[in-house]
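In: Next come a sequence and a model predicted from it.
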Amino acid sequence: TLGTLVNNDSDVDAETVILEFNALVGNDANTNHLNVKNNTFTVNVSGALAATSNTVAATLREPSITNVNKVLISGGGDAGDTVSFQVTYSNAAGRATAFEAQILDALDATNLALNLGSITVTLGGGAAGITNSSAGNTLDVTIGSIPAGGTVQIDYTATLTYAVTPALVINNTANLTYTSLPGPSGTIGNPTGSNTPGASGTATGERDGSAVPALNDYFDSDPASTTVPSVTAVKSIASTSEASTAGADLAIGEIVRYRLVATVPEGSLPNFQFIDTLPLGLSLLDVGQVLVSFVADNGVTEPVDMAGADNDADPPTFVLPVGRISTVGQTTTFTLGNLVNNDGDAGAETIILEFNALVGNVVGNANGNTRDNTATVNVNGALAATTNTVTATLREPSITDFDL
């Protein structure tokens, strides 16, 4: 309301009344990408309509980053190895500029150690303003502005720790948030003369990725994983007691020496066990001949009573303490305890165990019968590997042509 005006300018030029004001695009359900906001104004004189303006149409534009992609570039090894990750994303064409696009990736602190010096950021399409606040085990990179079509690529590496266990899948997620305006809470010091009044995420502030309320949906994420190699295990016959039989042929009363070999990844091997269920007709013989060895260039950390096993002997020479051998029925468990494979090189490390079994003089053991046998490896109470099957064939002498 300008009150009563009198235009005294009695010339041929036009006289005008100009009024300017600021309006805020609210952060609410009525303001979304490509919404068109039409606006007109009217002039009243003496309480009656004197004029109606043209229509001014404003089209709302939002940024859109929905393609965050985290991938494992290389790796998947065991303890001491380096894995490489890459995160990429872009702002869609035809969109408003995204501001303060922050990637956070908190790596699994137990199993991965972020290499802070490895972080590199590559920008394209007009994206600008890199702030790397990464610390500890968390990647934290913010890009100041990403116009429509702007691209970001972040590369970084991490080292697998010695806490990793066989076949462990290590998951991590890169999380992105961004805002609709620059600055801590929105536009400040701009040509309109007004500042965005509300805090970020509020109804009178910029739209952000806080998800509270739900319309603050400027966020995206993507996971990636790396997997530690599994244990592999092989069973074989190391030797037999009788020269009169050959290969996997066994006589009644013969002693067969079985050999178990587990190839293990570098890292932790909690509660490591060989478990062997002998077929009926065979039984464990002489616990004093259960021998074990660890074969590794840089050693294996083992329980105190197993220290002598770390001797690289093949065939093994260390006698497994009898308290670590448990037999229930046909199943014998050889418990080696909590082990750590410290051998940070490219070579394979193995655990070898040999034991004797007796072919019993029992019903069912007869010429031509076969006895199949496999063994398993358990780590931390869970199955880690199963060996191949070893088949032994029983052989008996047969003299049926006696004649006087």
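Out: That came through fine.
In: out of everything not next to it in sequence, what's closest to the residue nearest the centre of the chain?
Out: Centroid-nearest residue in the chain: Asn171, 2.0 Å away (criterion: Cα atoms, centre = their mean). Sequence neighbours aside, Ser225 is the residue nearest to Asn171 in space, at 4.6 Å (criterion: Cβ to Cβ, 6 or more residues apart in numbering). Where C-beta positions appear, they are placed from N, C-alpha and C, glycine not excepted.
In: tell me the secondary structure for that neighbour?
Out: strand (DSSP: H, G, I helix; E, B strand; the rest coil).
In: pretty sure it is touching Leu72, no?
Out: Yes: contact criterion Cβ atoms under 8 Å: Ser225 and Leu72 qualify, at 7.0 Å.
In: what about the residue nearest to Asn171, neighbour count?
Out: 15 (other Cβ atoms under 10 Å).
In: try Gly368
Out: Gly368: 8 neighbours (other Cβ under 10 Å).
In: Please name the residues that touch the residue lying closest to Asn373 once chain neighbours are set aside.
Out: Using Cβ to Cβ, 6+ apart and skipping residues adjacent in sequence, the residue nearest Asn373 is Val390, 5.1 Å away. Val390 makes contacts with 235-237, 248, 258, 372-374, as judged by Cβ atoms under 8 Å, 6 or more residues apart in numbering.
In: Tell me the pLDDT of Asp81.
Out: At Asp81, the model reports a pLDDT of 95.
In: My error: substitute Gly193 in the last question.
Out: Looking at Gly193, its pLDDT reads 89.
In: tell me the SS of it?
Out: coil.
In: Report the separation between it and Thr97.
Out: From Gly193 over to Thr97 the distance is 22 Å, taken as Cβ to Cβ, to the nearest Å.
In: cool, Gly329 as well?
Out: For Gly329, the distance to Thr97 - Cβ to Cβ - is 72 Å.
In: Between those two, tell me which one has more neighbours.
Out: Per other Cβ under 10 Å, whichever of Gly329 and Thr97 has more neighbours is Thr97, with 19 against 8.
In: surely that one meets Glu62?
Out: No: proximity of Thr97 to Glu62 does not meet the contact threshold set by Cβ under 8 Å, at 10.2 Å.
In: can you pull out the strands in the stretch 251-400 of the chain?
Out: For the stretch 251-400 of the chain, the strands defined by DSSP state E, counting those that start in this stretch cover 255-264, 267-277, 282-285, 291-295, 300-301, 318-319, 325-328, 331-341, 349-359, 370-373, 375-379, 382-386, 390-395.
In: Relative to the third one, what are the paired strands and their orientations?
Out: So that's strand 282-285. strand 349-359 (antiparallel) (DSSP bridges).
In: between the partner strand and strand 331-341, how many degrees?
Out: Orientation check (axes from the mean of the first three to the mean of the last three Cα atoms, to 10 degrees): strand 349-359 against strand 331-341 gives 170 degrees.
In: average model confidence for strand 349-359?
Out: For strand 349-359, mean pLDDT rounds to 98.
In: so how far is it from its chain's centroid?
Out: Offset of strand 349-359 from its chain centre (Cα atoms, centre = their mean, to the nearest Å): 36 Å.
In: Just the C-alphas of it, formatted as PDB.
Out: Extracted C-alpha coordinates of strand 349-359, given in PDB (Å, rounded to 0.1, in the frame of the first residue of the first chain):
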ATOM      1  CA  GLU A 349      51.600 -71.400   3.800                       C
ATOM      2  CA  THR A 350      50.500 -74.900   4.900                       C
ATOM      3  CA  ILE A 351      49.600 -76.800   8.000                       C
ATOM      4  CA  ILE A 352      50.400 -80.500   7.800                       C
ATOM      5  CA  LEU A 353      49.100 -83.300  10.100                       C
ATOM      6  CA  GLU A 354      49.800 -87.000   9.900                       C
ATOM      7  CA  PHE A 355      48.300 -89.800  11.900                       C
ATOM      8  CA  ASN A 356      48.000 -93.600  11.800                       C
ATOM      9  CA  ALA A 357      44.900 -95.700  11.400                       C
ATOM     10  CA  LEU A 358      44.500 -99.500  11.900                       C
ATOM     11  CA  VAL A 359      42.600-101.800   9.500                       C
END
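In: re the thing from before, find the residues that touch each one of Ser225 and Leu72.
Out: Joint contacts of Ser225 and Leu72 (Cβ under 8 Å, 6+ apart) do not exist.
In: Next one: the closest residue to Gly364 other than its chain neighbours relative to Asp372, how far apart?
Out: Nearest residue to Gly364 in three dimensions, chain neighbours excluded: Gly281, at 5.5 Å (Cβ to Cβ, 6+ apart). Separation of Gly281 from Asp372 (Cβ to Cβ): 11 Å.
In: Compare the two and say which is more crowded by neighbours.
Out: Counted by other Cβ under 10 Å, Gly281 and Asp372 do not tie: Gly281 has more neighbours, with 22 against 9.
In: Distance check, that one against Ala384.
Out: Gly281 sits 28 Å away from Ala384, going by Cβ to Cβ.
In: Based on its surroundings, how many neighbours for Ile154?
Out: By other Cβ under 10 Å, 24 other residues sit near Ile154.
In: Which residues does it form beta bridges with?
Out: Val87, Val121.
In: ok, it touching Val141?
Out: Yes: at 5.6 Å, Ile154 counts as touching Val141 under the criterion of Cβ under 8 Å.
In: and for these two, which residues touch both?
Out: Jointly contacting Ile154 and Val141 under the rule Cβ under 8 Å, 6+ apart are 103, 119, 121.
In: for the one helix or strand the second one maps to, packing partners?
Out: Translated: Ile119. Per DSSP states H and E: Ile119 is located in strand 112-124. Applying 3 or more Cβ pairs under 8 Å, 6 or more residues apart in numbering; DSSP states H and E, one finds that strand 112-124 contacts strand 128-132, strand 138-146, strand 151-160.
In: To Gly26, which of those lies closest?
Out: Each of the helices and strands packed on strand 112-124 has some distance to Gly26 by Cβ to Cβ; the shortest is strand 138-146, at 22.5 Å.
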